[in-house]
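Engineer: Take a look and give me a structure for this.
(2 chains)
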Amino acid sequence: MIAYIIRRALYAIPILLGVNILTFVLFFVVNSPDDMARMHLGMKRVTPEAIETWKAERGYDKPLLFNESSQGVDQFTDTIFFQKSLKLFQFDFGSSDSDRDIGYDISQRMWPSLAIAIPVLIVGLMVNITYALLIAFFRATYIDIWSVVLCVVMMSISGLFYIIGGQYLVSKLLHLVPISGYDTGFSAVKFLILPVLIGVVGGIGAGTRWYRTLFLEEINRDYVRTARAKGLSEVVVLFRHVLKNAMIPILTGVVVVLPLLFMGSLITESFFGIPGLGSYTIDAISRQDFAIVRAMVFLGSVLYILGLLLTDISYTLVDPRVRLS
Amino acid sequence: MSDILLNVKKLETWLGDGERPVRAVDGVDLKIRKGETFALLGESGCGKSITALSLMRLLPPSGRIKGGQVLLGDTSLLDLPEYAMREERGGRMAMIFQEPMTSLNPVLTIGQQIGEAVKIREEADSSSLRQRIIELLDSVGIPDPERRASEYPHQLSGGMKQRVMIAMALAGRPELLIADEPTTALDVTIQAQVLSLLKALQKQTGMAILLITHDLGVVAEVADRVAVMYAGQIIELAGCEHFFRKPQHPYSQKLFKSLPDSKKRAQRLAVINGTVPALNQVFTACRFIDRCHRAFEACEQAPEWTQLESDEGVRCHLAGRADQWLREAPAEEPDHLAGQAEGMASLLEVKGLKVHFPIHKGVFKRTVGYVKAVDGVSLAISPGKTLALVGESGCGKTTVGKGILQLIKPTAGSVSFASDELTQLSGSALRNRRSELQIIFQDPVASMNPRMLVGDIIEEGMKAQKIVRNSEQRRSRVAELLEQVGLPSDAASRYPHEFSGGQRQRICIARALAVDPKLIICDEPTSALDVSVQAQILNLLKSLQSSRGLAYLFITHNISVVAYLADEVAVMYLGRIVERGAVDQLLASPRHPYTQALLSAVPVADPNLKRKVIRLEGDMPSPANPPAGCHFHPRCPVVMDQCRLACPELLEQSDGRHVSCFRVEKGL
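Structural biologist: Alright, predicted model coming up:
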């Protein structure tokens, strides 16, 4: 298995290099540093000198790939590609266009993101599995039919509606928690309750419906019939036999998103004014701060590859039939 | 009548709701005595499995029991509330299923799965529980039970899994064991092991066995009494010996006639025309009337059950009319299938064929070994002849077929077909030769594109090979082919799923014939089919051979089919051929110990023929790690020291056959 992990890590290198080159082309060739400078300086103050100074301050004045004026290795290292793009591999994100250290910002802002994402994941998983098991127990009855209808209705409602409707109902009408904002330490809890609740409710439709399918698929398997033939009760059959097998796809589906929890949720965080990585990215996009966007794109792809690797490893832990090689 | 253990009266089970429910079980009466083996015989779809599931009250959600009574001892099972029924399930009555591969939970260990069956019946702390699990595993003959108890199902072979299923069933000390096709998915040598295990356990515990099967051989082997089921009803009930000596119902008689064997080589097999009627109707006539060769006016009325002797009976209007009865059925049109001219040069000659699959390991996937699926196979087929390649699952026989067709590139060896070396051809040269070699697969459903019309499926090969360029002519040729394989001409504009299993296999044969091949590789073409349907396909293959001069490489594990169809036989074990020779010679007096064991394990449909089964211990080893020396030596009952060291050559014997065994070499 160690050999498998090493091989997968080696496979990740060309993928990340591809992501790196693609973002480099998008951000520095398609959209040249001159364009960036003009955008940031605004229309009035644009003079050739101002552009040059803006670029020099941020290190965008270097050649893209090859520096003729330098000597030796510097010909390759003293370029935008090396300084801005390849350095991402060291997780050296540089500073944003507004001159803040991106690495520091990320390390600060990932905690609020996690504070929402982790409870949403765990509570959501518990609610969805419980509900889906309940439906599986009452399969082919009215409880089953109406639950599926409810799930489809909930899936069909836009996520924005849950957020806006939730804020209106819980905060504006009932005054239970603040509409938006954030605080440090324990007092953050009152700001977190509503976004977590909405995250869970918004996920019930799709999640429960999928888990129900998984459970029903397992319930019709031969080994479940064997378990019943032993004289086991329906509850034991469901929990010991069906749940344990259905947990394989459920768990691996969860593991693949685990690393991406760091990235936060773009929409929820902006609507609730939570200073996480999601709102960080949204803000950077609207400010055209491409240094941050580049860093987040790269970080996202690293975490995604990590997620896939973790999925494969988690298979070997929950499914005795799978051995990686 | 205190010795009756299970008494089923007028059991009726329906599947599905709506307008026309399927009456899968339609008034079944059964009495099973303590300690006896009662066989319920029938073809697929006759309702025998649904009967068993009804007894256990384990029907699928769409099924429900409409009426009748099931008495286990004095307990009326159908009146029990669900919680009390759970006591009986796995307690006084236990069940094992057809597919041991899927019937065990893949994520729980063997020990856990047996343990939970033990725990619900007896108080046990963890050490005595473990003791009991090991005891159970030991009683079903699983070697090294301590280690096996903590293994997962996928680590066990098919035969081992079925033993685990039996161990689980024994956990509740049942009085009745329902075995639903317990050996159908297993190889014959493993089947022999499991059947003798069941017999031994029965002797030990005195439990009764309700054996559900479609295999007359298995019935003859183990049953005391037989009930034949057809279209949801029991149509004949008899003592085993009596049944095999003189079957009463026309259906039973036809079943026997449709069994292939060597004595019927020169003739067509009897077939039962048509198919089992759909069970979603109310019958007024006899259910067998459309397929019965002896039907007469009275059969328009459904026949009542006629008691013949004390506990034998038959559901047929002919019952008791001895004169009518003994007259032979009108003889099938005499159709002597002419043999082909002898002594022609080989059409296909395979020499030293090897197919090895690399095993990769490590960071850079170095090749650390090979799965030697086929390891030096040589064989030859003359035009118009049939060579049967016989072996158990995993011996590499299918890979030989694919290697010959160059669907898998052979690692080494030569395949010469009509004096062309196929292994040297590639690209269009190889594609052009493909019209001469065709293949028919085991599973006709999976081997046809479900979204293509039957006509297009048959036509496709002709287009690819540019045999008939004109679409008009192609269509008339498709119609011709369909007629040849016995399908209506409108079949061309229908989809594969609209046909029954046997008809689908006919379509596959038509597809292979479309490009005018000289050789067809038949990869287990009948093993997914019922006996009567199998007879139809075998008849078709045989008549096509005599009319077109086709050669067949017939890959199978079914010895009786070999005896009926083949001219020559090659027996394969773990990637190598161990014995090869003319069919009558080899089947009558096998010389390799594996062939001897294999043939002795085949159940024969004759309870008086007490054959001695040579029992092979254990399973076939993995081809990734074959034993040194002779591949068969770890299981060989007559192994010698020499066999462990070197592998014997496949040598020609004085009687013309080839055997690879040191004993035979030395004339022992």
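Engineer: What is the burial count for residue 72?
Structural biologist: In the absence of a named chain, this looks at chain A. Residues near residue A:72, counting by other CB atoms under 10 Å in any protein chain shown, number 7. Yep, even glycine has a C-beta here, placed from its N, CA and C like the rest.
Engineer: wait, I meant chain B there
Structural biologist: Neighbour count of residue B:72, defined by other CB under 10 Å: 19.
Engineer: Bridge partners for it, pull those for me.
Structural biologist: In this entry, residue B:72 is beta-bridged to residue B:6, residue B:75, by DSSP bridges.
Engineer: isn't it right up against residue B:93?
Structural biologist: Yes - at 6.2 Å, residue B:72 counts as touching residue B:93 under the criterion of CB atoms under 8 Å.
Engineer: where do the contact lists of those two overlap?
Structural biologist: Counting by CB atoms under 8 Å, 6 or more residues apart in numbering or on different chains, the residues touching both residue B:72 and residue B:93 are B:6, B:175-176.
Engineer: now, which of these sits nearest chain A?
Structural biologist: Distance ranking of the shared contacts of residue B:72 and residue B:93 against chain A, using CB to the nearest CB, places residue B:176 first at 12.4 Å.
Engineer: for residue 149, what are its contacts?
Structural biologist: Assuming you mean chain A. Not one residue lies near residue A:149 by CB under 8 Å, 6+ apart.
Engineer: Sorry, I should have been clearer: chain B.
Structural biologist: Residues in contact with residue B:149, defined by CB under 8 Å, 6+ apart, are B:109-111, B:114, B:130, B:133-134, B:137.
Engineer: just to revisit the earlier point, most neighbours out of the shared contacts of residue B:72 and residue B:93, which is it?
Structural biologist: Neighbour counts for the shared contacts of residue B:72 and residue B:93 (other CB under 10 Å) peak at residue B:6, which has 23 neighbours.
Engineer: Can I take it that residue B:570 is in a strand?
Structural biologist: Yes - assigned with DSSP: H, G, I helix; E, B strand; the rest coil, residue B:570 falls within a strand.
Engineer: Enumerate the residues of chain B near chain A.
Structural biologist: Residues of chain B lying close to chain A (CB under 8 Å from any CB of the partner chain) are B:56, B:58, B:60-61, B:83, B:86-91, B:94-95, B:97, B:99, B:102-108, B:116-117, B:120-121, B:152, B:154, B:165, B:168-169, B:171-172, B:360-365.
Engineer: which parts of stretch A:25-35 are buried?
Structural biologist: Neighbour-count burial for stretch A:25-35, counted by 16 or more other CB atoms under 10 Å in any protein chain shown, picks out A:27-28, A:33.
Engineer: Just give me the closest of those to residue B:563.
Structural biologist: Closest approach to residue B:563 among these (CB to CB): residue A:27, at 75.7 Å.
Engineer: Is it correct that that closest one is in contact with residue A:290?
Structural biologist: Yes - using CB under 8 Å, residue A:27 is in contact with residue A:290, at 5.1 Å.
Engineer: Now for the residue in the stretch 101-250 of chain A that chain B sits nearest to, how many residues are close by?
Structural biologist: Closest residue of the stretch 101-250 of chain A to chain B, CB to the nearest CB: residue A:231 (3.5 Å). Burial of residue A:231 is recorded as 23 neighbouring residues (other CB under 10 Å).
Engineer: Who are the contact partners of it?
Structural biologist: Applying CB under 8 Å, 6+ apart, the residues near residue A:231 are B:86-91, B:117, B:120-121, B:172.
Engineer: Identify the residue spatially nearest to it, adjacent ones excluded.
Structural biologist: Nearest non-adjacent residue to residue A:231, counting by CB to CB, 6 or more residues apart in numbering or on different chains: residue B:90, 3.5 Å away.
Engineer: Around the one you found, count how many other residues there are.
Structural biologist: Neighbour count for residue B:90, taken as other CB under 10 Å: 27.
Engineer: Please state the backbone phi and psi of it?
Structural biologist: When read as degrees, to the nearest 10, the backbone of residue B:90 gives phi 80, psi -10.
Engineer: List the strands paired with the longest strand anywhere in chain B, with their directions.
Structural biologist: In chain B, taking DSSP state E as the definition, the longest strand is strand B:366-381. Here strand B:366-381 has these sheet partners by DSSP bridges: strand B:348-361 (antiparallel).
Engineer: Look up phi and psi at residue B:155.
Structural biologist: phi -80, psi 0.
Engineer: okay, now it: neighbour count?
Structural biologist: Per other CB under 10 Å, the neighbour tally for residue B:155 reads 15.
Engineer: cool, residue A:224 as well?
Structural biologist: With neighbours defined by other CB under 10 Å, the count for residue A:224 comes to 19.
Engineer: Nearest residue to it in space, please, no chain neighbours.
Structural biologist: Closest residue in space to residue A:224, ignoring its immediate chain neighbours: residue A:241 at 5.7 Å, by CB to CB, 6+ apart.
Engineer: wait, doesn't that neighbour sit right on residue A:227?
Structural biologist: Yes - shown here, residue A:241 and residue A:227 form a contact pair, counting by CB under 8 Å, at 4.8 Å.
Engineer: Looking only at neighbour counts, state which of the two leads.
Structural biologist: Higher neighbour count among residue A:241 and residue A:227: residue A:227, with 28 against 24, using other CB under 10 Å.
Engineer: Give me the three-state assignment for the more buried one.
Structural biologist: Following three-state DSSP, residue A:227 is assigned to helix.
Engineer: Where do the helices of the stretch 51-200 of chain A begin and end?
Structural biologist: Counting by DSSP state H, counting those that start in this stretch, the stretch 51-200 of chain A has these helices, from start to end: A:74-77, A:80, A:102-137, A:142-156, A:159-166, A:189-219.
Engineer: one step back: return the residues in contact with the residue nearest to residue A:231.
Structural biologist: Counting by CB under 8 Å, 6+ apart, residue B:90 touches A:229-232, B:117, B:120-121, B:169, B:171-172, B:174.
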